[in-house]
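Participant: Got a predicted model here, sequence first, then my questions.
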Amino acid sequence: MANKPIVATASLAGCFGCHMSLLDIDERILDLIQLVEFDKSPITDIKNFERKCDIGIIEGGCCNSENVENLKLFRKNCNILVSLGECAIMGGLPAMRNGIPIQECLEEAYLNGVTVDVGDEPIIPNDEELPMILDRVYPCHEVVKIDYHIPGCAPNADLIWDFLTTLVTGKDLELKYETLKYD
Ligand code: SF4
């Protein structure tokens, strides 16, 4: 990466906890913006890719057609694509629905669940503007090629920092035991 590398990030079927962990590098965020520039990302609020990026960081897996579209867009626009956190790597918490038939999930969420407002006439939303829900939640590497995985829920901020600085400086990554976790 000859010039300052460009980084883009996205949250698909995730809770934004992985992005919060990225921000948990605290004052090192000032060092990070000396090393990289951010393009499309919830951090910058840039909605569309403005240029080809060096590194794409993905939080969350794919639970609907919009997630798949967005992930493919990141693959097309980023030279290196990184799955950040368990939801991106394995589907995470949203994938708990994978063992349940989709119709049963929809009925529980919108018709029969304890949080359904019985005062209204409950319906399963079916507006054509809504993204199509997938049969199950897919980890990112089952949809596009992923180059690196950063484990954790959420991944440790120091691990994210070490990974990013290693990637942009080309040094070897020294994995510290205390930064690695898989839950
Ligand atoms: Fe949230 Fe954990 Fe999923 Fe990250 S891995 S999006 S912190 S649930």
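Facilitator: Cool, the structure landed. Numbers count the residues shown, from 1 in each chain.

Participant: residue with max distance from the center of the protein?
Facilitator: Gly119 (35.8 Å; CA atoms, centre = their mean).

Participant: give me the element Leu134 is part of.
Facilitator: Applying DSSP states H and E as the criterion places Leu134 in strand 133-138.

Participant: which other helices and strands contact the helix or strand following that strand?
Facilitator: The C-terminal neighbour of strand 133-138 among helices and strands, as given by DSSP H and E, is strand 148-150. On a contact count with 3 or more CB pairs under 8 Å, 6 or more residues apart in numbering; DSSP states H and E, strand 148-150 meets strand 78-84, helix 157-169. C-beta coordinates here come from the backbone N, C-alpha and C atoms, glycine included.

Participant: what pLDDT, on average, does the shortest one get?
Facilitator: Per-residue confidence for strand 78-84 averages out to 98 on the pLDDT scale.

Participant: That one - which strands sit beside it in the sheet, and in what orientation?
Facilitator: strand 53-59 (parallel), strand 148-150 (parallel) (DSSP bridges).

Participant: Mind listing residues that contact that strand?
Facilitator: With CB atoms under 8 Å, 6 or more residues apart in numbering as the test, strand 78-84 has contacts from 8-9, 18, 22, 52-59, 74-75, 89, 139-141, 144-150, 155, 160, 163, 167.

Participant: for the longest one, same thing?
Facilitator: Contact with helix 157-169 is made by 1, 5, 7, 21-22, 24-26, 28, 32, 35-36, 55, 80, 82, 84, 148, 150, 152, 171-176, 179-180, as judged by CB under 8 Å, 6+ apart.

Participant: picking that back up, mind listing what's buried in the strand holding Leu134?
Facilitator: Neighbour-count burial for strand 133-138, counted by 16 or more other CB atoms under 10 Å, picks out Leu134, Arg136, Val137, Tyr138.
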